[in-house]
Structure formats: structure tokens, C-alpha cells
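**Q** just a sequence and a predicted model for now, questions to come.
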Amino acid sequence: MIGTETPVYRLGEFHQFTSLGRRFLYLVQSAAIFELDDLAGAIIDRLAQGPAAYDELVRELTARGWSNSAVPCELIEELAETHAILSGDAKAPDAIQNLTANIPIQTLVLNLTNQCNLSCQYCYEYGADKVATPAGKPKFMNFETAQASVDLLFQQAKRGALQITFFGGETLMNFPLLKQVVFYAKSKASAEARSVSFSLTTNATLLSSSIIDFIAANNIGVTVSIDGPKEMHDKQRVFADGRGSYDVIAPNIRELIQKHRTRPTAARVTLTSGLVDVIRIFRHLRGELGFHEVGFAPVTASADRLYTINDPGMSGVLEQFHALADEYQEFALRGEMHGFSNVTDTLAELHQGINKSHPCGAGLGLVGVGPSGDIAPCHRFVDSDQHALGHISTGIDRSKQADFLNRGHIGSKYPCHTCWARPLCAGGCHHEAFVRYGDTGHPNLHYCDWIRDWTNKCLEVYGAIAAQNPEFLENFAQRKAASS
């Protein structure tokens, strides 16, 4: 052992979990995961009782049956190197990097229109909690604005691969512009020897055979907003005259999935107070309609909205998430994809060792542009004067961008500093924070216990797969990339 003074060890910052009878540590500072053998577990258990000097720790371990004193010595030092245990006043290095000026943009979200042909009761863009201020602004984006937006993306991006996402309102209400943008961006990428990929979100009401053919031919990823079988979906997702939209979209979705085989087609479900039967919704969307991935998110709304899910409702949602996560694990151990994207997305981040400075890429690697040309942190803030980060004609206002990012940085969210789940959560959605607390940088405190429970469950699934079918994880990043 190097050094003349005997160090005193204490526990570092980690979350301990078990899976299939095995013990694991999730190291908060580095977001690393590793399994504890019996001796490493004994060291952790001893230090859980209080700090111990190096010599004392070695003596206790050897007295408890570890006959080769070199083994605990080496393991103690190994645990110290990973910062699972710390000595003296040492602190684990933080993997989160400070922000730099002129942050490159890799993803552009084009809100082709702020109009929609549905009147969903919970819509964040048109409901009581809307942040958009579209008075006097165009309802549909034109090609000049879209072209300038694409040019900005190509100028800003530092790496080769770029991503353009089409959004709305209802995206396909401005499908002619979408086609123009795809052709323009592809041509520009080819001229610059770069690559660009596309995705879109739609309510599927306007999908037609010709649109589906174009989507398939251009390898455009599709996410469909749908809330389950007919009786559930039609509760909220209705036309202006009150008619449900399920009967319109179901045949369109089946044709899309049948024809579009180059990229997985995903479903995105909004959970509300009257729509929390997660398992039934999943069974219908995955098993009956044939979506490749199905993801769920609670509605973004103030606490007093009638469609907001209360605490008992969220507990029921979590219980069903657990059940689907167990199924996911069973599938993965057989080498099969299950399709519950809430697990897929979390496992992908765990496998990459993600340690977030911010909840998402909003304003960081991604910006949204509205029909007016206003630049926003993401699609949820498009056309909000309060949250604009500039205009496409003048570029990104770096001072506004910095203010948004500094307030949203995990370092500014003091309630999060003692939470072990912060590497993946980073305080929660900026838009959710603004709707609930009036501040995009406020932690989503109403979801803290829920997030910790769910993250722990995903860690258990990850541990089980790592222990019994690591090949699934080795190929996981490749499969995930193919679906994005």
C-alpha cells in the first residue's frame, strides 16, 4: 500500500440494489454499475456501520474468514479507485461537465403548424396550461422559414449526423412542406458529405397510402399519438364535433406498420385520470395493432386539472409499469425485444452510463422552431414569447440560451443534490416544471418518489440481464440506434 499514513475509509455515494439474488452498486457520480462479490459486499456492509481505518478494515475482514490478507487489501484499493468508498476528505469526481459557449445543435424540431384537426381535451398546446402566445403569428410554416431553419442546423452542428423531427399541431396538416424539407435537407447533406435522418409525430388521422409510401421510401421514423383501444382513445382524442378518432386512425396505423419496415413504429400514450389501465393499453397497441414500441407519459398539467392523475392513480400506474418491466426482463433473458419503451429508454441510458447535466437536450443539443421562425428550447415551448431563444433570421440568442440552461442545470437544483437518481432524471422536464411551478429550472418534486422507484426497478432489470444474458446488452445500443 502506497503512503505512510493509514487512511480512514467511508462509503461513497451509491445506490445499492439486488437482482436475481445478486448485489449491485449504482455509483451516482460516475453512473457506473457493477456487481458486488461476497468480499466486496462485506466491505460495504462494514463501512455502512461507520468509517474504518485501512488496517482495521483489513484485520476485521481477515478475522471473518478471508484468510489471504492480500485479497481484501487489493479489493479495498479497487473499491476506492471506483469511488464506491472514499478515504479522508476525498470526493468522487463529478462526471457532469460544465457548459461551454456556442453549444452545437444536432437536432432540429420543426413545428410545421400550430394547428390540429383534433381537439384533445388535455393538449398542452391548446389547453388551460398552454404556454404558446401565437397571436399575430402564422399558423403554418412556409418553406423560407423551414429552409433557414435547416441551414441553421447545418451551420451549428459540429458532427456529421444530424436529426430533423417534424412536429405540430398535427404534423401532416403541412405535409407538402415536410416533403420539401426532406428533399432539401437530403440534398444539402449529400453536398456536404453528411448524413441526416428524419422522424415525425402524428395523430395518424391524415395518413394515406401516398404519405405512407413517402415515409417508408425516405426511412422516416414515426411516433403515433394514441391512447389505447377505441373506448379509451375516444375519451379524449376527439374531433371538434366530439367524434372519436380511433376508427379513422386504426386502419391507417395498420397500413403504416405493414408498409414501413425500415424503422420501428412507436406509439406514445398520454395517461390521464380516466386513462390509467397501462397493461390493457399496452396489450392492445403492441399485440393487436402491432406497434414495435409503446411508451407512456402522464399528462403535463397543473395539479388542479380534472384530467391530472392523483397520487393513488400514479401508484397504480407504477404497479403496472413494474409488471411490464418484469415481462420485459423475461423477454430479454430469452433474447427477445418486449416493446415497452419506458424500460428500453432507461436501459439504454444505464448501459451508456448517462450522467445528465440537464433532463433532456432542450436548448442543449436540440431546439424547436415554430411557424413564425421563433426558436425555442424544444417543441413544447414553440411560439411562446416568454421562452423564445431567438429567431431564425437572427440566430440563437446565446444569453437567453445560457440563462435557460443555467437554470435547468442539475447544479442549480439543490433538492436534487442528495438524490441518487439524479444522473438519469436531472430534475425532470423543463415544461412540466414551468406548468407546475412557473419556473423551467424547478425540480419536478411531485415525481421524485415515483422516479426513484422506477429507476430502481430498471436497475434490477439491467442487473438481471447483465448477469444472465449480457449479449442482449452488448447488442442493445445497436438495436436502439436503429430505432431512432
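**A** Cool, got the structure. Numbering: from 1, shown residues only.

**Q** give me the neighbour count for the closest residue to Pro229 other than its chain neighbours.
**A** Nearest residue to Pro229, sequence neighbours excluded (CB to CB, 6 or more residues apart in numbering): His284, at 4.5 Å. In short, each C-beta sits where N, CA and C put it, glycine included. By the criterion of other CB atoms under 10 Å, His284 has 20 neighbours.

**Q** how about His284, phi and psi?
**A** Torsion angles at His284 (phi, psi; degrees, to the nearest 10) stand at phi -70, psi -50.

**Q** I figured it was touching Asp227, is that so?
**A** No: counting by CB atoms under 8 Å, His284 stays clear of Asp227, with 10.1 Å between them.

**Q** quick one: low-confidence ranges for the stretch 151-300 of the chain?
**A** Low-confidence segments of the stretch 151-300 of the chain (pLDDT under 70): none present.

**Q** and the helices in it, which stretches?
**A** Using DSSP state H, counting those that start in this stretch, the helices of the stretch 151-300 of the chain run over 175-191, 209-217, 230-236, 246-259, 278-282.

**Q** before we move on, back to that, distance of the residue nearest to Pro229 relative to Thr344?
**A** Here His284 is placed at a distance of 19 Å from Thr344 (CB to CB, to the nearest Å).

**Q** next one: Ala467
**A** Going from Ala467 to Thr344 by CB to CB gives 19 Å.

**Q** between these two, which one's more packed in?
**A** In this view Ala467 and Thr344 are compared by other CB under 10 Å, and Thr344 has more residues nearby, 23 against 15.

**Q** what's the closest non-adjacent residue to the more buried one?
**A** Glu293 (6.5 Å).

**Q** now could you export just the CA positions of stretch 386-395 as PDB?
**A** C-alpha atoms of stretch 386-395 as PDB (Å, rounded to 0.1, in the frame of the first residue of the first chain):
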ATOM      1  CA  GLN A 386     -41.500  34.200 -22.800                       C
ATOM      2  CA  HIS A 387     -39.400  31.200 -23.700                       C
ATOM      3  CA  ALA A 388     -38.000  32.300 -27.100                       C
ATOM      4  CA  LEU A 389     -34.300  31.800 -27.600                       C
ATOM      5  CA  GLY A 390     -34.100  33.900 -30.700                       C
ATOM      6  CA  HIS A 391     -35.400  34.000 -34.300                       C
ATOM      7  CA  ILE A 392     -34.400  32.100 -37.300                       C
ATOM      8  CA  SER A 393     -33.400  35.300 -39.100                       C
ATOM      9  CA  THR A 394     -31.000  36.400 -36.300                       C
ATOM     10  CA  GLY A 395     -30.000  33.000 -34.900                       C
END
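
**Q** average pLDDT across it?
**A** On average, the pLDDT along stretch 386-395 is 96.

**Q** list the buried residues for it?
**A** Neighbour counts over stretch 386-395 (16 or more other CB atoms under 10 Å) mark 387-392 as buried.

**Q** state the number of residues packed around Gly373.
**A** Gly373 is flanked by 21 other residues according to other CB under 10 Å.

**Q** give me phi/psi at the residue lying closest to it once chain neighbours are set aside?
**A** Residue nearest to Gly373 in three dimensions, not counting chain neighbours: Ile392, with 4.0 Å by CB to CB, 6+ apart. In terms of degrees, to the nearest 10, the main-chain angles of Ile392 are phi -60, psi -20.

**Q** distance check, the closest residue to Ala204 other than its chain neighbours against Gly290.
**A** Of all residues not flanking Ala204 in the chain, Ile249 sits nearest, at 3.9 Å (CB to CB, 6+ apart). Taking CB to CB as the measure, Ile249 falls 13 Å from Gly290.

**Q** and what of Leu405?
**A** 40 Å.

**Q** more neighbours: which of those two?
**A** Set Leu405 next to Gly290 and count neighbours by other CB under 10 Å: Leu405 wins out with 22 against 15.

**Q** please identify the helix or strand for that one.
**A** Applying DSSP states H and E as the criterion places Leu405 in helix 398-408.

**Q** Val343 too?
**A** Here Val343, judged by DSSP H and E, is contained in helix 341-352.

**Q** can you tell me the SS state at His358?
**A** Look at His358: counting by DSSP: H, G, I helix; E, B strand; the rest coil, its state is coil.

**Q** give the burial count for it, as a bare number.
**A** For His358, using other CB under 10 Å, the count is 21.

**Q** one more: Ala240?
**A** Around Ala240 there are 9 residues (other CB under 10 Å).

**Q** likewise for Tyr414?
**A** Using other CB under 10 Å: Tyr414 sits among 9 other residues.

**Q** over to it: give its phi and psi.
**A** Taking degrees, to the nearest 10 as the convention, Tyr414 sits at phi -60, psi -30.

**Q** understood, closing this out.
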